[in-house]
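Engineer: this one's sequence-less:
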């Protein structure tokens, strides 16, 4: 069962609506009742001069983060959503794509993402025979379904051993997304990138750090990064080898900001929208979390060494677009992160839908 323990919540919507909320925040009763701080806008327009105009547009997607004490996120966001139904939204022009609630803003309590794993110039932590097996498991993708180009955003722990820079969304509510020297203290992102490079050697891989040294993330870090990479027009494919550890009735409630982001892409004429490849998750038959629950995502499940469905696969939505690739298992590790980052224990073993997703991302590149 999901526990409401985060000390923050997020609000997403078109930029005009988020900025309007910030302006009349002091008029709302809920923030006083639940001691919710004034939301901080994650300003995506400051990341790059090339994409600034897109995110400065009043109808571009935006996200802000509000802090509060742990345990009140569900109550506070529900009350905020309800209070805005009687707020003076008539002062502002309505956007062409209201959220599912009928309002232009979508509140969500904070939650976590984590890497969907069990244990070239890019360092290689894989067993050579397993890397070959991964390559041979790549599905054949029809040309009309492939990404428009070779530029990939890998939302993960980063990348090491290649030099250059990467976008870093960790703690982006405080200092905004930053361009930093490429690095990966965990190794998961480097492993994912290595598989994509192995499947499609001409891939242009752009690391986007959203997972920390434990391969975990606050929801706003991933949501903001997905908003940027899907809307900015710089990427052809987004690899998300991560998932939400959400179960029970909350599985369809947390992550709808990603649905909103894709809706905003279509409403604002982003064409083509990047292919979003998401890991199904490794919860042994339980429902997949986000972003695998997004209707437009390509959801990847893992096969074992015999080519059979891996026992650890999560269950994606019934109407999901699905692909399959080799993912290894607890008894059939693809490699080990110890030599790469010094990680030890079960978490250093490479297996899971994270790596099957990377195979499929490579297969979707032209």
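Structural biologist: In hand now; what should we look at? This is a predicted model, so every value here is computed, not measured.

Engineer: for the stretch 1-150 of the chain, which spans come out with low pLDDT?
Structural biologist: Applying pLDDT under 70 to the stretch 1-150 of the chain flags the ranges 1-2, 87-103, 117-123.

Engineer: what about the strands in it?
Structural biologist: 8-14, 40-41, 61-67, 106-109, 112-115 (DSSP state E, counting those that start in this stretch).

Engineer: okay, the ones you listed in CSV with distance to residue 293 next?
Structural biologist: For the C-beta atoms, the positions are set from N, CA and C on the backbone; glycine is no exception. Listed next are the strands of the stretch 1-150 of the chain as CSV, based on distance: least, CB to CB, whole Å:
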stretch, distance to residue 293
strand 8-14, 16
strand 40-41, 26
strand 61-67, 18
strand 106-109, 13
strand 112-115, 13
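
Engineer: select, out of those strands, the one closest to residue 322.
Structural biologist: strand 112-115 (20.0 Å; CB to CB).

Engineer: got the contact list for that closest one?
Structural biologist: 6, 156-157, 186, 188, 210-211, 215-219, 221-222, 241-245, 354 (CB atoms under 8 Å, 6 or more residues apart in numbering).

Engineer: how about a cut-off of 7 Å?
Structural biologist: For strand 112-115, contacts defined as CB atoms under 7 Å, 6 or more residues apart in numbering pick out 188, 211, 215-219, 222, 241-245, 354.

Engineer: any of the residues you listed buried? List them.
Structural biologist: Buried by 16 or more other CB atoms under 10 Å: 188, 211, 215-219, 222, 241-244, 354, out of these.

Engineer: quick one on the thing from earlier: which ones among the contacts of strand 112-115 lie within helices?
Structural biologist: Among these, DSSP state H puts 188, 219, 222, 354 in helices.

Engineer: quick check: closest non-adjacent residue to the second one.
Structural biologist: Spatial nearest neighbour of residue 219, excluding adjacent residues (CB to CB, 6 or more residues apart in numbering): residue 111 at 4.7 Å.

Engineer: dump the residue contacts of residue 63.
Structural biologist: 10, 12, 42, 220, 223-224, 227, 257.

Engineer: report the beta-bridge partner residues of it.
Structural biologist: Beta-bridge partners for residue 63, by DSSP bridges, are residue 12.

Engineer: begin at 600, not 1, for the rest of this chat.
Structural biologist: Sure, I'll start counting at 600 from here, so that last one is residue 662.

Engineer: for residue 614, see how far away it is.
Structural biologist: 10 Å (CB to CB, to the nearest Å).

Engineer: ok, now residue 955?
Structural biologist: For residue 955, the distance to residue 614 (CB to CB) stands at 36 Å.

Engineer: between these two, which one's more packed in?
Structural biologist: Neighbours per residue, other CB atoms under 10 Å: of residue 955 and residue 614, the larger number sits with residue 955, 31 against 22.

Engineer: that one - that's part of a helix, no?
Structural biologist: Yes - under DSSP: H, G, I helix; E, B strand; the rest coil, residue 955 sits within a helix.

Engineer: can you tell me which residues contact it?
Structural biologist: With contact taken as CB under 7 Å, 6+ apart, residue 955 is in contact with 899-901, 924-926.

Engineer: as JSON lines, these with secondary structure and neighbour count would be great.
Structural biologist: Formatted as JSON lines, the contacts of residue 955 follow (DSSP: H, G, I helix; E, B strand; the rest coil; neighbours: other CB atoms under 10 Å):
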{"residue": "899", "secondary structure": "strand", "neighbour count": "34"}
{"residue": "900", "secondary structure": "strand", "neighbour count": "26"}
{"residue": "901", "secondary structure": "strand", "neighbour count": "29"}
{"residue": "924", "secondary structure": "strand", "neighbour count": "27"}
{"residue": "925", "secondary structure": "strand", "neighbour count": "24"}
{"residue": "926", "secondary structure": "coil", "neighbour count": "35"}
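
Engineer: now stretch 853-873: buried residues?
Structural biologist: 853-864, 867, 869, 872-873.

Engineer: quote the end-to-end distance of that stretch.
Structural biologist: Using CA to CA, to the nearest Å, the end-to-end distance of stretch 853-873 comes out at 22 Å.

Engineer: again, but for stretch 654-663
Structural biologist: 14 Å.

Engineer: could you do stretch 875-894 as well?
Structural biologist: This stretch, stretch 875-894, spans 10 Å end to end (CA to CA).

Engineer: now swap in stretch 886-902 and tell me
Structural biologist: 18 Å.

Engineer: what mean pLDDT does that stretch get?
Structural biologist: On average, the pLDDT along stretch 886-902 is 94.

Engineer: follow-up on the earlier one: between the buried residues of stretch 853-873, which is nearest residue 764?
Structural biologist: Closest approach between the buried residues of stretch 853-873 and residue 764, by CB to CB: residue 873, at 20.3 Å.

Engineer: pLDDT at that closest one, what is it?
Structural biologist: The predicted local confidence for residue 873 is 98.

Engineer: is it true that it touches residue 836?
Structural biologist: Yes - look at residue 873 against residue 836 with CB atoms under 7 Å: they come within range, at 5.6 Å.

Engineer: joint contacts of those two?
Structural biologist: Common neighbours of residue 873 and residue 836 (criterion: CB under 7 Å, 6+ apart): residue 746.

Engineer: rewinding a little: and residue 649, which of the strands of the stretch 600-749 of the chain is closest to it?
Structural biologist: Closest to residue 649 of the strands of the stretch 600-749 of the chain, according to CB to CB: strand 660-666, at 17.3 Å.
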